[in-house]
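Asks: Build me a model:
(one chain, ligands or ions: 1)
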Amino acid sequence: MTETALRLGARVGPLPGWQLATLVDAWDESPSARTLVLEVPTWPGHLAGQHLDVRLTAEDGYRAERSYSIGAGAGAGIATVVEGSGSSRAGYHPAPRSSAPPASPATPARDDPDPALSTDVPRVEITVQRVPGGEVSGYLTDPVEGFRVGYPVEVRGPVGGWFVWDPDDTDPMVAGRPVLLVAGGSGVVPLMAMVRARRAARSRVPFRLVYSVRTPDDRLYVDELTRPRAGDQGLDITVVHTRAAPLDARRGPGRLTPAELAAHGWPADLEPVCYVCGPTPFVEVVARMLLLQGHAPERIRTERFGPAGD
Ligand SMILES: Cc1cc2nc3c(=O)[nH]c(=O)nc-3n(C[C@H](O)[C@H](O)[C@H](O)COP(=O)(O)OP(=O)(O)OC[C@H]3O[C@@H](n4cnc5c(N)ncnc54)[C@H](O)[C@@H]3O)c2cc1C
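Replies: Next up is the predicted model:
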């Protein structure tokens with residue numbers, strides 16, 4: 001599939017129905033989050049910021065659907081699921097489409113990809129944070145009792161057309177504007193897709209990422225966000241820890257303040273595009289701060305992941 005076809009697919013919206021995907025690779029992104037690489041033969045492409053829906057079906061016919069942001073920009077895909085410590089619903093044990101590797105005795109740092117699976121097929125990557133007691137995230141982030149390489153899953157997407165950043169966007173509201181990304185917890189996933197899309201496009205648009213996370217252990221994409229890659233010039237990253245900070249941190253633990261957001265974001269008179277993503281209360285507080293700092297509502301784009309968290 002060409003890049004043009006992928007991008008066109010992304011622009012015409014989601015696929016009409018559910019597609020069968022296969023987990024072809026997976027690794028721990030943090031002690032409680034796992035990145036999953038899904039092969040989706042009919043994937044039409046996507047833009048940075050879009051998400052997909054995952055549907056699980058239990059043996060008794062019970063179904064559960066959840067949304068997960070795609071962690072990579074246009075073309076390549078990424079999805080992340082955040083793990084929780086709770087138990088997943090018993091019964092999601094779909095038979096592997098091909099012979100799945102045996103379960104490891106302990107959680108592996110990275111599953112071995114099944115070499116029998118094709119690499120020519122479009123892939124999307126998501127990162128899932130395990131939510132305590134979470135039905136779907138508990139299953140998706142458990143590589144032993146739950147979702148293993150070689151297993152199938154139904155997906156639908158891409159979904160979403162507002163919470164996107166496209167380096168080729170010609171809309172004067174977005175084109176060439178500085179970008180402020182504000183992430184709470186796993187809300188960093190679609191924002192990471194935007195960072196990756198900027199890098200892939202060799203864009204010079206100035207980006208600032210403010211990433212609020214509970215503890216150092218909860219950080220996602222640590223290596224990529226700590227060591228700038230070629231093409232990341234013009235990307236500034238600030239990490240704020242809310243519950244426990246590293247010993248060498250410049251600030252102690254605490255929630256993101258309006259002064260910090262103003263200092264590490266952009267002045268409103270530069271008319272940046274602001275993308276805010278994370279748990280619902282986080283998004284609402286940050287969006288309110290941005291409004292009070294003079295950012296126009298139409299320049300603040302938000303994505304709410306869930307009902308709780310900080
Ligand atoms: C557009 C969109 C994109 C998303 N992208 C991602 C992503 O990239 N990575 C990711 O890990 N999650 C993402 N989510 C959240 C995801 O869809 C699920 O809500 C999450 O995985 C929890 O599902 P669950 O079945 O494990 O928990 P459930 O069984 O539904 O809930 C278990 C308990 O956790 C609480 N809860 C549910 N969801 C959350 C949450 N998000 N945060 C905190 N508490 C919660 C519930 O109130 C309940 O008490 C996204 C959500 C949306 C709407």
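Asks: In the chain, what residue spans correspond to helices?
Replies: 3-11, 135-140, 188-200, 222-226, 258-264, 280-292 (DSSP state H).
Asks: In JSON lines, list these along with mean neighbour count.
Replies: Yep, even glycine has a C-beta here, placed from its N, CA and C like the rest. Listed next are these as JSON lines, based on neighbours: other Cβ atoms under 10 Å:
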{"stretch": "helix 3-11", "mean neighbour count": "16"}
{"stretch": "helix 135-140", "mean neighbour count": "25"}
{"stretch": "helix 188-200", "mean neighbour count": "26"}
{"stretch": "helix 222-226", "mean neighbour count": "13"}
{"stretch": "helix 258-264", "mean neighbour count": "15"}
{"stretch": "helix 280-292", "mean neighbour count": "18"}
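Asks: lowest-confidence stretch among the ones you listed?
Replies: When the helices of the chain are ranked by mean pLDDT, helix 3-11 comes last with a mean of 35.
Asks: Phi first, then psi, for the residue in the stretch 101-250 of the chain that the ligand sits nearest to.
Replies: Closest residue of the stretch 101-250 of the chain to the ligand, Cβ to the nearest ligand atom: Gly134 (2.2 Å). Torsion angles at Gly134 (phi, psi; degrees, to the nearest 10) stand at phi -70, psi 130.
Asks: where does it land on pLDDT?
Replies: Gly134 is given a pLDDT of 96.
Asks: separation between the residue lying farthest from the centre of the chain and the ligand?
Replies: Distance to the chain centre peaks in the chain at Asp60, reaching 30.4 Å (criterion: Cα atoms, centre = their mean). As for Asp60, its distance to the ligand is 17 Å (criterion: Cβ to the nearest ligand atom, to the nearest Å).
Asks: okay, that residue: pLDDT?
Replies: 94.
Asks: ok, now Pro143?
Replies: pLDDT, Pro143: 96.
Asks: Would you quantify the distance from it to Leu209?
Replies: Distance, Pro143 to Leu209, using Cβ to Cβ, to the nearest Å: 29 Å.
Asks: for Val222, same thing?
Replies: Per Cβ to Cβ, Val222 is found 13 Å from Leu209.
Asks: Below-threshold pLDDT in the stretch 1-150 of the chain: ranges please.
Replies: Counting by pLDDT under 70, the stretch 1-150 of the chain contains low-confidence ranges at 1-16, 73-119.
Asks: and it, which residues reach the ligand?
Replies: 51, 66-69, 80-82, 126-129, 131, 133-138 (Cβ under 6 Å from any ligand atom).
Asks: Is it possible to mark the buried ones in those residues?
Replies: 51, 66-69, 80-82, 126-129, 131, 134-138 (16 or more other Cβ atoms under 10 Å).
Asks: Would you confirm that Val164 contacts Gln50?
Replies: Yes - Val164 is within contact range of Gln50, at 6.0 Å (criterion: Cβ atoms under 8 Å).
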